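Chemist: Mind folding the following:
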Amino acid sequence: MGLISSIFLLPLAPVKGVLWLGEVIQDQVEQTLHDPATIRRELEEIDEAAAAGHLSEEEQEAAQQAVLDRMIRPGGGRTPAAGGSENP
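Modeler: Here you go, the predicted structure:
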């Protein structure tokens with residue numbers, strides 16, 4: 001039975017390989033995004049841009065908050081708007 005099922009499932013091997021590769025790439029991207037050195041470098045770049053006058057104080061705070069949110073929450077994303085309801 002194993003030989004017959006292997007023969008029928010053989011055409012799906014490339015699809016399984018692509019799915020596996022996608023998972024590996026996703027893991028690498030998540031590790032890079034949550035790497036403390038990357039986060040520190042991004043915060044330093046934001047500070048340098050603000051010091052050079054490329055960012056306003058509000059833009060600097062928003063950019064820093066976005067980086068910190070990504071570090072704190074595994075899925076990243078945005079914080080809910082002020083006064084908005086939050087679904088659990």
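
Chemist: burial count for residue 41?
Modeler: Counted by other C-beta atoms under 10 Å, the residues lying close to residue 41 total 12. Yep, even glycine has a C-beta here, placed from its N, CA and C like the rest.

Chemist: and if you look at residue 46?
Modeler: Neighbours around residue 46, by other C-beta under 10 Å: 20.

Chemist: Would you mind confirming that it is in contact with residue 64?
Modeler: Yes: using C-beta atoms under 8 Å, residue 46 is in contact with residue 64, at 5.7 Å.

Chemist: Point out where this structure drops to low pLDDT.
Modeler: For the chain, the stretches flagged by pLDDT under 70 are 1, 74-88.

Chemist: Now for it: which helix has the highest residue count?
Modeler: Identified as the longest helix of the chain according to DSSP state H is helix 13-33.

Chemist: Quick one: distance of the next helix or strand after it to the chain centre.
Modeler: Remark: after helix 13-33, the chain's next helix or strand is helix 36-51, criterion DSSP states H and E. Centroid separation for helix 36-51 versus its chain: 17 Å, with C-alpha atoms, centre = their mean, to the nearest Å.

Chemist: And helix 36-51, what's buried?
Modeler: Residues 42, 46, 50 are the ones in helix 36-51 that count as buried (16 or more other C-beta atoms under 10 Å).
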